[in-house]
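[1] structure for this input, please:
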Amino acid sequence: MIDDRFSCRSEAYDASEDIPTNSSDEATLGDLINARYNRRAVLKGALGVTAMSALAASPLALLAGSGEQGNPAAARFGFSEIEHGVDETHHVAPGYGADILIRWGDPVLPDAPPFDPNGQSAEAQRKQFGYNNDFVGYIPLPLGSDNSEHGLLCINHEYTNKEVMFPGLGKEGSCVTREIVDIEMACHGSSIIETRKQEGKWQVVPDSKYARRITALNTPMAVSGPAAGHPRLRTSADPTGKKVIGTINNCAGGITPWGTYLMAEENFHGYFLGDLENHLLQTPVDNDGGKSSADSKCVGKHPEKTNYARYGVPKRNYAWGKFHKRFDVNAEPNEANRFGWIVEVDPLDPASTPVKRTALGRFKHEGAENIVNGDGRLVLYSGDDQRFEYLYKFVSAGRVDPDNRAANRDLLDEGTLFVAKFHRDGTLTWLPLTFGAKGLTPENGFHSQADVLIETRRAASVLGATPMDRPEDVEPNSHTNRVYVMLTRNSKRNPDQADPANPRANNIWGHILELTPANGDHSADSFRWDILIKAGNPAVEGVAAMWNPATSENGWFSCPDNCAVDHQGRLWVTTDQGHNWKKASGTADGIWALATDGEGRGTGKMFFRVPVGAELCGPRFTPDSRTLFVAVQHPATDGTKDFPGFARASTFEDPATRWPDFNPEMPPRPSVVVITKDDGGVIGN
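    Sure thing, here's the model as predicted:
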């Protein structure tokens, strides 16, 4: 039956509380690292990899031209670190400025009304900047130029924190209404804005012809690729299985070489209500396009029970299914199969229809960063952000045409999706998720390639992929041809899987892997893998962290999440410790520069810190690396009970910080921050 407790206050999804759904008995990444390394070898630099001549071009390079190139092995960071800490505001390294570019509620569309936190509406929010900004992509204008002072920002809006968004919802027994749900749905999706640097300051261009809001409430989307039209994607509102309204929980993402924007749908499971054990057959259709329960009858287990259980559906974090029956798995049994994909958007055409590209697989996508291989094919990397889930890559069948944007329009509909299996000898094998091969057959419940893609997780388990410690952002570095995998944490690791020298039991700190394609070929079936760092405080023996000894007391971090590579090939890492920040590090999240080559390999330096309760997302450099855009998400929410002097949960009326406005009439507001050097130089030099 429908759980109607969501008529009252509920907390937004917290990934740190996620329960693993993978029962695979394959060796975990921790087991493999345990067999390969010891702490002494790592600290002595046994993990070094000789830089390779790049055989690939990054999407940014194709968009912006070659730009100034540096030698990654010789690149150094030349800024003064800031200190660990936590307080009500943000901090940046000396000699730099950090300005607010756009905040939740600021206008995006030309007719957007002023933000009124006490008088919000879904109609207003559909025209205003959404909530919890995550991924930030930059597309220079004109397309194909190296313009680092004028471009489009493509920004994901991941989820909502209603207790600090709406008056009264921080109180026990407060009720969620249809209007609140619709505002939340309008807060999700993405904002596309035009931005320009004028008189030394970045500004949003008002009344831009490119301005667009994409929302979960009302944006039509197409479905393409092998799963499009499959019966498991059909609903009463869409009997074709090729049309979806909206996108949800868009975390990290990517920009393609032809200037489109990839939105990755991550924790889609938390938006659905229902009962998988007592499925209700419901025939009357209500005026919302869903089903009425008045004449329903129980017909046993849900037809997608095994599939949905593998993804944690339904999680019941939101009340959407109470008012929009498509988010009730009993009313619409197939609706949840229509989320968990990567969505491609053309930001140059605000009237275009976004497309869910099913060839890229269905899972909790963290990121869609990509690289043009030496043979011209596009290779896209993505992590499945849950404990003991997998790492994927997609290799297109066709080749990127840099001179014909239209020719690349459907490039992501054909290709091969692979999942990673790590080996003890330091290699990994990419296993193709192809129907009819290696157990992906009718005997195991797969009757087509569509079934393989709809149940990507189960298919990967059948192949024997390696369960990992919450793979998040995956970033190819075109300067070195290596790939960096952020593994944020895994507190569910069993003690008998761990070793003090390796990713750990109750691993609340995370680590970073470095992958090296054979002969620089990202389409190769075999890569090598190494550890770059094991996060956490190196001064605490029980943590068993791995850093270069040159790392200062402020240079280490916990829970790597997103990352970016600057135009010199240097790696920058942001963190997400969630409610566990006090235990994981005792400091707020932020961004660190991290050396990957030479004697300094594995050395971190703290560059920027967020206010209490926030995380840092979406780092994105302009082509010349003189500007860094970052997204500060959910200020005043995570772990505020551990914030000295506050020590309680935040509410709209009583937040731990009112960043960035510090106005008693304004709640905390997620915002995009633009960082520049005071002298106009390259960031980090």
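
[2] low-confidence regions, the stretch 151-300 of the chain specifically.
    Residues of the stretch 151-300 of the chain meeting the criterion pLDDT under 70: 172-173, 281-297.

[3] likewise for the chain?
    Across the chain (using pLDDT under 70), the flagged ranges come out as 1-18, 24-75, 172-173, 281-297, 495-505.

[4] quick one: the helices in it?
    29-36, 39-43, 59-64, 122-125, 162-165, 178-187, 305-311, 320-323, 449-454, 456-463, 581-584 (DSSP state H).

[5] now these as CSV including distance to Gly645?
    (C-beta placed from N, C-alpha, C; glycine too.) Shown next, in CSV, are the helices of the chain (distance: least, CB to CB, whole Å):
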stretch, distance to Gly645
helix 29-36, 38
helix 39-43, 38
helix 59-64, 42
helix 122-125, 33
helix 162-165, 18
helix 178-187, 30
helix 305-311, 40
helix 320-323, 36
helix 449-454, 49
helix 456-463, 43
helix 581-584, 14
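
[6] can those helices go into TSV with extra columns for mean neighbour count and distance to Asn519?
    As requested, the helices of the chain are arranged in TSV below (neighbours: other CB atoms under 10 Å; distance: least, CB to CB, whole Å):
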stretch	mean neighbour count	distance to Asn519
helix 29-36	22	22
helix 39-43	15	26
helix 59-64	23	20
helix 122-125	19	50
helix 162-165	25	51
helix 178-187	23	46
helix 305-311	19	36
helix 320-323	23	48
helix 449-454	24	29
helix 456-463	24	24
helix 581-584	20	38
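
[7] closest to Asn147 out of those?
    helix 59-64 (7.6 Å; CB to CB).

[8] for the helices of the chain, which one sits closest to Val205?
    Among these, helix 59-64 sits nearest to Val205 (CB to CB), with 18.9 Å.

[9] ok, which of the helices of the chain comes nearest Pro333?
    helix 305-311 (9.2 Å).

[10] same for the closest one, what does it pack against?
    Judged by 3 or more CB pairs under 8 Å, 6 or more residues apart in numbering; DSSP states H and E, helix 305-311 is in contact with helix 456-463.

[11] hmm, who's touching the helix it packs on?
    Here helix 456-463 makes contact (CB atoms under 8 Å, 6 or more residues apart in numbering) with 21-24, 26, 306-307, 310-311, 361-363, 384, 389-390, 392, 417, 419, 421, 431, 433, 438-440, 444-446, 452.

[12] so how do I select the buried members of the residues you listed in PyMOL?
    Buried subset of the contacts of helix 456-463, written as a PyMOL selection, criterion 16 or more other CB atoms under 10 Å:
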select buried, resi 21+22+24+26+307+310+311+361+362+363+384+389+390+392+417+419+421+431+433+440+446+452
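
[13] tell me which of the contacts of helix 456-463 fall in strands.
    Judged by DSSP state E, strands contain the following of the contacts of helix 456-463: Asp384, Glu389, Tyr392, Leu417, Val419, Lys421, Leu431.

[14] would a markdown table of the residues you listed with distance to Ala647 be doable?
    Formatted as a markdown table, the ones in strands among the contacts of helix 456-463 follow (distance: CB to CB, whole Å):
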| residue | distance to Ala647 |
| --- | --- |
| Asp384 | 36 |
| Glu389 | 35 |
| Tyr392 | 41 |
| Leu417 | 47 |
| Val419 | 44 |
| Lys421 | 46 |
| Leu431 | 49 |
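
[15] and the spatially closest residue to Phe643 that is not a sequence neighbour, how far from Trp581?
    Nearest residue to Phe643, sequence neighbours excluded (CB to CB, 6 or more residues apart in numbering): Val612, at 5.0 Å. Shown here: Val612 relative to Trp581, a distance of 9 Å by CB to CB, to the nearest Å.

[16] please tell me how far Arg620 sits from Arg470.
    22 Å.

[17] which one of these two has more residues nearby?
    For Arg620 versus Arg470, neighbours defined as other CB atoms under 10 Å are more numerous around Arg470 (29 against 22).

[18] got the contact list for that one?
    Residues near Arg470 by CB under 8 Å, 6+ apart: Ala15, Gly383, Asp385, Gln386, Arg387, Glu389, Leu487, Thr488, Arg489, Asn490, Gly510.

[19] the fourth one against Cys251, yeah?
    No: at 12.0 Å, Gln386 does not count as touching Cys251 under the criterion of CB atoms under 8 Å.

[20] so for the two, which residue has more residues nearby?
    Cys251 (30 against 27).

[21] spatially nearest residue to the more buried one (excluding sequence neighbours)?
    Going by CB to CB, 6+ apart, Cys251 has Glu266 as its nearest residue, at 4.0 Å.

[22] ok, that neighbour to Glu366 distance?
    The gap separating Glu266 from Glu366 is 6 Å, by CB to CB.

[23] what do the two both touch?
    Contacts common to Glu266 and Glu366, judged by CB under 8 Å, 6+ apart, are Cys251, Ala252, Asp385.

[24] which residues touch the first one?
    For Cys251, the residues meeting the contact criterion (CB under 8 Å, 6+ apart) are Asp134, Phe135, Asn156, Glu158, Ala264, Glu266, Asn267, His365, Glu366, Gly367, Asp385, Cys617.

[25] quick one: which of these has the most company?
    Asn156 (33 neighbours).

[26] tell me which of the contacts of Arg470 fall in strands.
    Using DSSP E, the contacts of Arg470 in strands are Gly383, Arg387, Glu389, Leu487.

[27] just give me the closest of those residues to Ser526.
    Of the ones in strands among the contacts of Arg470, the one sitting nearest to Ser526 (CB to CB) turns out to be Gly383, at 19.5 Å.

[28] from Gly604, how far out is that closest one?
    For Gly383 relative to Gly604 (CB to CB), the value is 21 Å.

[29] of the two, who's got more company?
    Neighbours of Gly383 and Gly604, each counted by other CB under 10 Å, are more numerous for Gly383; the result is 29 against 25.

[30] can you verify my assumption that the more buried one contacts Gly367?
    Yes: the criterion here is CB under 8 Å, and Gly383 meets it with Gly367 at 6.3 Å.

[31] overlap in contacts, these two.
    In contact with both Gly383 and Gly367: Glu472, Asp473, Val474, using CB under 8 Å, 6+ apart.

[32] now those residues in TSV, with neighbour count and distance to Lys242?
    Shown next, in TSV, are those (neighbours: other CB atoms under 10 Å; distance: CB to CB, whole Å):
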residue	neighbour count	distance to Lys242
Glu472	28	31
Asp473	32	30
Val474	26	29
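
[33] contact partners for Asp134?
    Listed by CB under 8 Å, 6+ apart, the contact set of Asp134 reads Ile155, Asn156, His157, Glu158, Asn250, Cys251, Ala252, Gly253, Cys617, Gly618, Ala631, Gln633.

[34] tell me which of the helices of the chain lies nearest to Asp349.
    Across the helices of the chain, Asp349 has its closest neighbour in helix 59-64 (16.4 Å, CB to CB).

[35] what pairs with Val483 across the strands?
    Assessed by DSSP bridges, Val483 has beta-bridge partners Pro476, Leu515.
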